[in-house]
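Asks: Sequence plus the predicted model coming up.
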Amino acid sequence: MLTSSSPVVASAPVLLLGVDENGLGPRLGPLIATAVGLELEEYPRARLQRIAARVGIGDSKQTSAFGQMRVAEGLSLAIVEALHGRVPQSVDELLELVELDGPQQLRAPCPAAARAQCWSFDVALPAFEGDVAEGRNQLARLRKHGVVLHSARSVVTCAGRMNRELRRLGSRTSVDLAMFERLVLAAARDAQVDMTVVLGMVGGIRDYERYFTLLPVSDLSAATRSKLAVSYQVRGIGTLSFEIDADARHLPVALASMLGKYVRELSMERQNRFYAHHQSDLPRPSGYYDPVTRRFVQESLRLRQRLGIVDECFER
């Protein structure tokens, strides 16, 4: 487990992976899991957390609320540019660069009407007045302190896939954890060296070994448990630490949280534009359990029936 008093120091660079989710609880829209990898000579957690906070990087619940995505957008676009050499100009291009499966595979199982709901409006970027130059400056401040971006990947689980996975795995927590596992395994394949992985705590679980569906339990060593974290050594991967408030405490998890929030808000923006195109007086929902989302669900019912959008692809 990483603590504020004990920075990680090594003769070779530390490969630190932060993993977080966005959208586990909402009524509408996708669940997003995101992993951001950093290379550092050392990891003074508390100092980098303070530096990140000064430049506007932190828990997306505080930095990137619905309707307040400007900072997260500029930073997310700068992260993708730093890793891929170009700024994506559309949501589809962004997903080509960061989504583990890519937009083609995401669209493949969709019924035609649901495909139109989620994919017919390819929003131009930036969509929320974000400035990539501001994001570049944020990353430059981090580089001065030895932080080098290594990777950034997301997994998108739409409402339809979420409902199918819920039937297979039994709970949102299990669906979320399986997405985390996919990201960790993909990062391990790319890195081919042991990593230090910090993940947001999923559902208050303390015995993750009972819930893993992709990570081989035979490769886990005994867990270390505390009030803040549950940690494992995993053969072929490194250290996995599930921590409470990881997005507020760890820089790579904060970056993952902000990038994931951006991907989720773009998904909701596409859906909102689709419905506004067909019925301009509908409210624009966040997708969370709030009065605006409740009104949208009620007032869009006849339109959805007319368009043939099945409930499974609309609401979790």
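Replies: Noted; the coordinates are in hand.

Asks: can you map out the strands along the stretch 101-250 of the chain?
Replies: Using DSSP state E, counting those that start in this stretch, the strands of the stretch 101-250 of the chain run over 148-157, 195-200, 224-225, 229-234, 238-243.

Asks: Find the residue ranges of the stretch 1-150 of the chain scoring beneath the pLDDT cut-off.
Replies: Applying pLDDT under 70 to the stretch 1-150 of the chain flags residues 1-12, 59-67.

Asks: Run through who's touching stretch 89-108.
Replies: In this structure, residues lying in contact with stretch 89-108 by C-beta atoms under 8 Å, 6 or more residues apart in numbering are 34, 80, 83-84, 88, 115, 118-119, 122-125, 127, 152-156, 158, 182-183, 186, 259, 263, 266-267, 270. Placement of C-beta: from N, CA and C, glycine included.

Asks: End to end on stretch 135-150, go ahead and measure it.
Replies: The separation between the terminal residues of stretch 135-150, taken as C-alpha to C-alpha, to the nearest Å, is 16 Å.

Asks: Only the buried residues of it, if you could.
Replies: Residues of stretch 135-150 classed as buried: G135, R136, N137, Q138, L139, R141, L142, V147, L149, H150 (neighbour count, 16 or more other C-beta atoms under 10 Å).

Asks: Same check on stretch 306-316?
Replies: If you call a residue buried by 16+ other C-beta under 10 Å, then stretch 306-316 has these buried ones: I309, C313, F314, E315, R316.

Asks: My guess is the third one contacts Q117. True?
Replies: What it means is F314. Yes - counting by C-beta atoms under 8 Å, Q117 is a contact partner of F314 at 7.4 Å.

Asks: mind listing the helices for the chain?
Replies: Along the chain, counting by DSSP state H, helices occupy 45-54, 60-63, 70-84, 91-98, 103-107, 112-119, 132-143, 159-169, 172-191, 246-249, 251-278, 291-299, 301-307.

Asks: Looking at the ones you listed, which is nearest to Q233?
Replies: helix 172-191 (13.2 Å; C-beta to C-beta).

Asks: list the buried ones in the closest one?
Replies: Quick answer for helix 172-191 (16+ other C-beta under 10 Å): 172, 174-184, 187-188, 191.

Asks: now swap in stretch 22-32 and tell me
Replies: In stretch 22-32, counting by 16+ other C-beta under 10 Å, buried: N22, G23, L24, P26, R27, L28, G29, P30, L31, I32.

Asks: Pull the most distant pair out of these.
Replies: R27 and I32 (15.4 Å).

Asks: Now for R70, how many residues are close by?
Replies: Counted with other C-beta atoms under 10 Å, the neighbours of R70 add up to 16.

Asks: Pull the contacting residues for it.
Replies: F128, E129, G130, D131.

Asks: For I205, what are phi and psi?
Replies: The phi and psi values for I205, taken as degrees, to the nearest 10, are phi -70, psi 140.

Asks: Next, work out how far apart it and V230 are.
Replies: 8 Å (C-beta to C-beta, to the nearest Å).

Asks: joint contacts of the two?
Replies: With C-beta under 8 Å, 6+ apart as the test, I205 and V230 both reach F242.

Asks: Of those two, which one has the most company?
Replies: Each of I205 and V230 has its neighbours counted (other C-beta under 10 Å); V230 has more, 22 against 15.

Asks: Report the separation between the more buried one and G200.
Replies: Distance from V230 to G200, by C-beta to C-beta: 12 Å.

Asks: Quickly list what's touching both of these two.
Replies: In contact with both V230 and G200: F242, using C-beta under 8 Å, 6+ apart.

Asks: Can you get me a residue count around D290?
Replies: Count around D290 with other C-beta under 10 Å applied: 14.

Asks: In contact with the closest residue to I237 other than its chain neighbours, which residues?
Replies: The spatial neighbour of I237 that comes closest, neighbours along the chain excluded (C-beta to C-beta, 6 or more residues apart in numbering), is A188 at 4.7 Å. A188 is in contact with M195, G236, I237, G238, counting by C-beta under 8 Å, 6+ apart.
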